[in-house]
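>>> just need the structure, nothing else, for what follows:
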Amino acid sequence: MNQLLAIGGILAAVLMASAGGGADAALAAAQVGPGMAMQKQLAYSRDFEREADRVGMQTLTRAGFDPRAMAAFFDRMQKVNRASNNNALAFLRTHPVTSERMSEAQGRALSLPSRMPADSTEFLLAREKARLSRLDPQAAISFYTDALKDGRYLSEMAQWYGLAGAQLKRNDLAAARTSAARARALAPAPHPWLVSLDAAIAAAGGDYATSARLYREGRQRFPDAPALAYGELDSLIAAGQTDAARQLAETAVSRRPEDPELWARLARIYADRDKLRYHFALGQQLYYQQEARPALEQFQLAREAPGDDFYLRSRLDARIRELMPVVKEQIEAQRQRR
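Predicted coordinates for the structure are as follows:
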């Protein structure tokens, strides 16, 4: 069809020229066919684009997302495209986010049921963790006390969790236990962060046995929550149960060998009893934290330490061979920057 329109434009130009219409008229006629063909092709492409937008919104809605978010996302894309000028992504240049597409998205959203997905327990608790990190304990206690008194919250459970955390930071352990119990009672299901809170309160009071037990029970229930293993190790080390801590740390690090937090605790366990393993564990911690130079220093110290563990020394030598060229390159790059 597009080819026929283009041929028609050429024939019209020939007829105009033969009829004495002049060169300008013939040129204009010649452009009509290709122009109509291009317009038809664009309209054809836009129809597919509209259909894709419609199907996309239906898919998002069936997946549980708010359909109104599509228009909001289009608005963001349009602003990015406007700011980036000619550096826009290819799909934005070929399929620009026009006002028409945004209006159609808004219109479709009005015809679909609005959904506000419920916040997960983890999100609610993480938000209060973030709030606690930027407020001093007294300000946080005042905030949560007022919010609970006035009913200014989306989740009462999360407010009690935040209040317990603030009271713990202020070392008001009795109040923290009460608040943590309220949070636990209001939670829709057990959560590892609530377990950690109870265990941390016990540890703050010096009851490391209870703390280690709570962490252990939580770890058995939530094996994919590494913070529970960290907490149990800290409680065992604080209680002087280094043998139990060593066994747990060795088992945990065999399952998650790239976890620097586990290597750090293993280094603490070996600090006063095995210099070879202490420096190796500290080197592993630094290695997985991308600290090549200090990691190499620890591995070299481990090589000089006494001990006849052939397997460990083989791993040690492999790490040193791996890091030597990396550190050499870093030193050379640093020298050139001076």
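
>>> and the contacts of stretch 248-266?
For stretch 248-266, contacts defined as Cβ atoms under 8 Å, 6 or more residues apart in numbering pick out 226, 229-230, 232-234, 236-237, 245-246, 269, 277, 281-282, 284-286, 288-289. No exception for glycine: its C-beta is placed from N, CA and C like everyone else's.

>>> just the buried ones among the residues you listed, please.
For the contacts of stretch 248-266, a burial check counting by 16 or more other Cβ atoms under 10 Å picks out 226, 229-230, 232-234, 236-237, 245-246, 269, 277, 281-282, 284-286, 288.

>>> out of these, which are inside helices?
Applying DSSP state H to these, the entries found in helices are 226, 229-230, 232-234, 236-237, 245-246, 269, 277, 281-282, 284-286, 288.

>>> tell me the mean pLDDT for stretch 147-162?
Stretch 147-162 shows a mean pLDDT of 95 in the predicted model.

>>> do stretch 228-235 as well
Rounded mean pLDDT across stretch 228-235 is 98.

>>> contact partners of it?
With contacts defined as Cβ under 8 Å, 6+ apart, stretch 228-235 is touched by 192, 195-196, 199-200, 203, 208, 211-212, 215-216, 218-219, 222, 245, 248-249, 252, 261-262, 265.

>>> show me which helix or strand of the chain is least confident by mean pLDDT.
The helix or strand of the chain with the lowest confidence, counting by mean pLDDT, DSSP states H and E, is helix 2-18 at a mean of 47.

>>> tell me the spacing between D146 and R152.
Separation of D146 from R152 (Cβ to Cβ, to the nearest Å): 7 Å.

>>> same check on R50?
To R152, R50 is 44 Å away according to Cβ to Cβ.

>>> where does the chain dip in pLDDT?
Across the chain, the ranges flagged by pLDDT under 70 are 1-46, 81-97, 113-118.

>>> can you give me the helices in the stretch 51-200 of the chain?
Remark: helices assigned in the stretch 51-200 of the chain by DSSP state H, counting those that start in this stretch are 68-84, 90-94, 99-110, 121-134, 137-150, 156-169, 173-186, 192-204.

>>> wait, what's in contact with L286?
Listed by Cβ under 8 Å, 6+ apart, the contact partners of L286 are P260, P294, A295, Q298.

>>> and P306, which of the helices of the stretch 51-200 of the chain is closest to it?
helix 192-204 (34.5 Å; Cβ to Cβ).

>>> counting by contacts, list what the helix or strand that that closest one is followed by packs against.
Reading on from helix 192-204 to the C-terminus, the next helix or strand found by DSSP states H and E is helix 208-221. If you count contacts as 3 or more Cβ pairs under 8 Å, 6 or more residues apart in numbering; DSSP states H and E, helix 208-221 packs onto helix 192-204, helix 226-238.
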